[in-house]
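**Student:** Structure for this input, please:
(chains A, B and C)
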Amino acid sequence: MPTPLVVSEVRKSFTMHLRGGLVLPVVDNVSFSLKAGECAVLGGPSGVGKSSILKMLYGNYAIDAGQILIEHQGRLIDLASASPREVIEIRRTTLGYVSQFLRTLPRVAAIDVVAEPLIARGEAAATAHDKAAELLGKLNLPEALWRLPPATFSGGEQQRVNIARGFITDHKILLLDEPTASLDAANRAVVVDMIAQRKKAGTALLGIFHDDDVRARVADRIIDVSAFSARKTAA
Amino acid sequence: MNAEQPLLKVSNLSRFYGGRIGCLDVSFDLWPGEVLAIVGESGSGKTTLLNCVSSRLQAQAGRVEYRMRDGRLRALSDMGEAERRFLMRTDWGFVHQNPADGLRMTVSAGANVGERLMAVGARNYGQIRDTAVDWLERVEINTDRVDDPPRAFSGGMRQRLQIARNLVTAPRLVFMDEPTGGLDVSVQARLLDLLRGLVSDLGLAVILVTHDLAVARLLSHRMMVMKDGRVIEAGLTDRVLDDPREPYTQLLVSSILQV
Amino acid sequence: MSAIEGIARTNYAYLDEQTKRMIRRAILKAIAIPGYQVPFASREMPMPYGWGTGGVQVTAAIIGPQDRLKVIDQGADDTTNAVSIRAFFEKVAQVTVTTHTREATIIQTRHRIPEAPLGEGQVLVYQVPIPEPLRFLEPRETETRMMHALEEYGLMHVKLYEDIARNGHIATTYAYPVQVAGRYVMDPSPIPKFDNPKMDRSPALQLFGAGREKRIYAVPPFTEVKSLDFEDHPFTIQHFDKPCALCGSTHSYLDEVVLDDRGGRMFVCSDTDFCEERREAGHVGELGVPA
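**Tutor:** As a prediction, this is how the structure comes out:
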């Protein structure tokens, strides 16, 4: 089975220059890999660095040492040393991310927010909008909201827009940062179902789920982040 | 056009004002369709850099090379004044912070948009006017204002008109100097949204100077942080803003007011 | 020569020889670069700016005792300005003056080109108030010079575009911009656009002098002079509904003359010499009297 993501000996700390150069270690020696068609879940107590790991894997946080190898269009690329341009390209076609919060844009309608990643991949606008509508329908977002900018939506509504946006493309790797946190049971079930479908389609998923029930239903394996905790090592 | 080759190559660009540094030893590449934000506080050299790259200001050292429409990379310093000015009004655009600097305030909106077309030889009034009307629509200006001078326009409309005036010749590279500066917040949001749409629809490469990090986050793929004329940090926009490495960048990011 | 005579004599044609030489050099350069505005050290003349100081200096630099000078103001030989300048050169250059276009070797003009076709060997000297055709939209001299140097003339069409946008047609009726020899865009001085076609490939030498603005420019004989326009709004000249009331001419530029305070008016040739010649040849308009 292909391994689209390999994380090897990654170290991350924050240097707080505004506080006299205080160094906050986050994680050290993070090593794991992700197979196509599996969903791994990052586990461990709050503050142990789970969200930071997802952000590093997405190129959102820089790392101090190590490699993040991603299989991108038949080539293995180290995200940690890739140029910004390569990172953008990898995000466009290979690496998807559903963040915890939606960063809303003024005046952009929910359906356009969802369709955007597909259009960026060259899909016709009409097809992308059909697919966006289908996903928003599946996630039970009232149709009256589709044409409105999501800035005024509730947390749960915004999260569903965010999930639809993340799932609309067929990225080979998908990172999920608590996608079900503010959803009700019915919509949680929809998301669980969507994850199962993506697994079947061969997507490699890595997520953070605080809901035990959801975690139990989607996780093939738990990666214990406490093992990489730099603070524990330092202590 | 080959997207695998940079559109613009800037190497070791420096500019001094007497003994003071304007910008020092700046190098970067820009690819087609890429939006690069240059951020920093007033006096950090970002506008100097923008003006040197766009050859509105002469750099004292370094090179700026541009890939012409025929695919050849040419140093701007090797071009004659005529060729450089032709490039600036066809394949390039420049959006000023103050629309009055980029518009002819006494002639109609239609003529403002049509000027670049006429400058490259368009001689059919009807076609020029149709194109101008079309562009007013694209920048959300009521087309019945086509014969009004920009003096009669609001600040936001003037800025949108300036953008239309620049984009009418389908440039591949647009320089923007604080395009949303001096506008009300609600007007700013509309302009940003419009710019975002145009940039991605037209596949424009943009060098955007701004001191507003929110504008940089919204519009740019990549950013460079300048301080005292030097580039002190560069990278993917969300990486620089969410995980700033340099002391000055951390100060800049931590100074944003959260709304 | 008596002592008094020696003191009283001025230089031939008023200007001193060094000045005339300087102006001739500017004229030669202007002829060599058709339509290009050559700066020159314009002198104080014994008349105010706006009365033809540029044209007078050009005429003074090229005139000789053998010349026959005609001076017109808006086509007429008998207006104050024309009479004064003619008298001035009669006095300072001992030159023969004439009102007949065909007889003149030098014709100094304000705002008209004579109706009678000019021939080889004739020189038409225009008085120019504002020589820069781009000034309307670009106030900076440094910038307009650059635009001329780089042939950036889009702005000229912006002016015409504005005309059409405001009036539905190109409403510029005088000082209508032209392009000379396919290169420089030039202000033809405030002549009616009716006269523009006469400049094109004229056998006469055309010289332009702007005294206040200190510029001289020229159109050499047989040079192409094209009026700027749009494909869908081509250049046209004015047409008059009526013929000249005095000579019946249907192909000359007419002035409106108010006859009384009850709305009575007539249209007559602005070129007085042309009108008189026609009447002498037997042409009569509806208000004219047979010669």
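**Student:** who are the neighbours in contact with residue C:116?
**Tutor:** Counting by Cβ atoms under 8 Å, 6 or more residues apart in numbering or on different chains, residue C:116 touches C:101-102, C:271, C:273-274, C:277. Backbone N, C-alpha and C define where each C-beta goes, glycine included.
**Student:** and it, what pLDDT?
**Tutor:** You'll see residue C:116 listed with a pLDDT of 96.
**Student:** what's the answer for residue C:1, then?
**Tutor:** pLDDT for residue C:1: 45.
**Student:** Same check on the one 5 residues further on?
**Tutor:** Model confidence at residue C:6, given as pLDDT, is 53.
**Student:** Over to the one 4 residues further on?
**Tutor:** Per-residue confidence at residue C:10 stands at 73 (pLDDT).
**Student:** and the residue of the stretch 101-250 of chain B found nearest chain C, how many neighbours?
**Tutor:** Nearest to chain C in the stretch 101-250 of chain B, going by Cβ to the nearest Cβ, is residue B:119, at a distance of 2.8 Å. Look at residue B:119: counted by other Cβ atoms under 10 Å in any protein chain shown, it has 21 neighbours.
**Student:** Pull the contacting residues for it.
**Tutor:** Counted by Cβ under 8 Å, 6+ apart, residue B:119 has contacts B:89, C:152-155.
**Student:** Select, from the contacts of residue C:116, the two members most distant in space.
**Tutor:** Checked with Cβ to Cβ, those reach their widest spread between C:102 and C:271, with 12.4 Å between them.
**Student:** Tell me which helix or strand residue B:65 sits in.
**Tutor:** strand B:61-67 (DSSP states H and E).
**Student:** what's next to the following helix or strand past that strand, contact-wise?
**Tutor:** Downstream of strand B:61-67, the first helix or strand assigned by DSSP H and E is strand B:73-75. By Cβ under 8 Å, 6+ apart, the residues outside strand B:73-75 that reach it are B:5, B:9, B:63-68.
**Student:** So which of those wins on neighbours?
**Tutor:** residue B:66 (24 neighbours).
**Student:** roughly how far apart are that one and chain A?
**Tutor:** According to Cβ to the nearest Cβ, to the nearest Å, residue B:66 stands 18 Å off from chain A.
**Student:** Which residues are in contact with that residue?
**Tutor:** Taking Cβ under 8 Å, 6+ apart, we find residue B:66 in contact with B:7-9, B:73-74, B:76, B:87, B:173.
**Student:** Which member of these is positioned nearest chain C?
**Tutor:** Closest to chain C, out of all of the contacts of residue B:66 and judged by Cβ to the nearest Cβ, is residue B:87, at 12.1 Å.
**Student:** ok, is the helix or strand of chain B with the lowest mean pLDDT in contact with chain A or not?
**Tutor:** Within chain B, no helix or strand scores below helix B:185-202, which has a mean of 87 by mean pLDDT, DSSP states H and E. Yes - interface with chain A: helix B:185-202 contributes B:189-190, B:192-193, B:196, B:200 (Cβ under 8 Å from any Cβ of the partner chain).
**Student:** Give me the distance between that helix and the centre of its chain.
**Tutor:** The chain centroid and the centroid of helix B:185-202 are separated by 13 Å, computed with Cα atoms, centre = their mean, to the nearest Å.
**Student:** Helix or strand next in line after that helix, which one?
**Tutor:** strand B:205-209.
**Student:** can you pull up the bridge partners for residue C:109?
**Tutor:** residue C:72, residue C:126 (DSSP bridges).
**Student:** so what does the longest helix seen in chain A touch, helix or strand wise?
**Tutor:** What stands out as the longest helix in chain A, according to DSSP state H, is helix A:185-200. Applying 3 or more Cβ pairs under 8 Å, 6 or more residues apart in numbering or on different chains; DSSP states H and E, we find helix A:185-200 packed against helix A:155-167, strand A:204-208, helix A:212-218.
**Student:** Distance of residue C:191 relative to residue B:56?
**Tutor:** Residue C:191 sits at a distance of 39 Å from residue B:56 (criterion: Cβ to Cβ, to the nearest Å).
**Student:** between these two, who's got more neighbours?
**Tutor:** Shown here are residue C:191 and residue B:56; by other Cβ under 10 Å, residue C:191 has more neighbours (23 against 13).
**Student:** Can you pull the phi/psi pair for the more buried one?
**Tutor:** Residue C:191 adopts backbone torsions of phi -80, psi 150, taken as degrees, to the nearest 10.
**Student:** Please name the residues that touch residue B:151.
**Tutor:** So residue B:151 contacts B:105-106 (Cβ under 8 Å, 6+ apart).
**Student:** That one looks like it's in a helix, true?
**Tutor:** Yes - judged by DSSP: H, G, I helix; E, B strand; the rest coil, residue B:151 forms part of a helix.
**Student:** Quick one: neighbours of residue 65, just the number.
**Tutor:** You didn't pick a chain, so chain A it is. For residue A:65, using other Cβ under 10 Å, the count is 13.
**Student:** my bad, chain C
**Tutor:** Neighbours of residue C:65 using other Cβ under 10 Å come to 10.
**Student:** Could you pull up the residues touching it?
**Tutor:** With contact taken as Cβ under 8 Å, 6+ apart, residue C:65 is in contact with C:93-95.
**Student:** In PyMOL, select just the buried ones from those.
**Tutor:** Buried residues within the contacts of residue C:65, by 16 or more other Cβ atoms under 10 Å in any protein chain shown, are selected in PyMOL with:
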select buried, chain C and resi 93+95
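**Student:** Would you agree residue B:244 is in contact with residue B:256?
**Tutor:** No - assessed by Cβ atoms under 8 Å, residue B:244 is found out of contact with residue B:256, at 11.2 Å.
**Student:** Mind pulling the model confidence for the residue of the stretch 151-291 of chain C found nearest chain A?
**Tutor:** In the stretch 151-291 of chain C, no residue comes nearer to chain A than residue C:165, which is 31.6 Å away by Cβ to the nearest Cβ. Per-residue pLDDT puts residue C:165 at 94.
**Student:** what sits up against stretch A:179-191?
**Tutor:** A:98, A:100, A:138-140, A:155-156, A:159-160, A:162-163, A:166, A:192, A:207, A:209-211, A:213-214.
**Student:** go again using 7 Å as the cut-off
**Tutor:** The contact list for stretch A:179-191 (Cβ atoms under 7 Å, 6 or more residues apart in numbering or on different chains) reads A:98, A:100, A:138-140, A:155-156, A:159-160, A:163, A:209-211, A:214.
**Student:** So which of those is surrounded by the most neighbours?
**Tutor:** Top of the contacts of stretch A:179-191 by neighbour count (other Cβ under 10 Å): residue A:160, with 29 neighbours.
**Student:** Which residues are in contact with it?
**Tutor:** Residue A:160 neighbours (Cβ under 7 Å, 6+ apart): A:139, A:141, A:187.
**Student:** Residue B:92 now?
**Tutor:** Contacts of residue B:92 (Cβ under 7 Å, 6+ apart): B:54, B:171, B:173-174.
**Student:** which one among those gets closest to chain A?
**Tutor:** residue B:173 (16.1 Å).
**Student:** I'd say the closest one and residue B:6 touch.
**Tutor:** No - at 11.1 Å, residue B:173 does not count as touching residue B:6 under the criterion of Cβ atoms under 7 Å.
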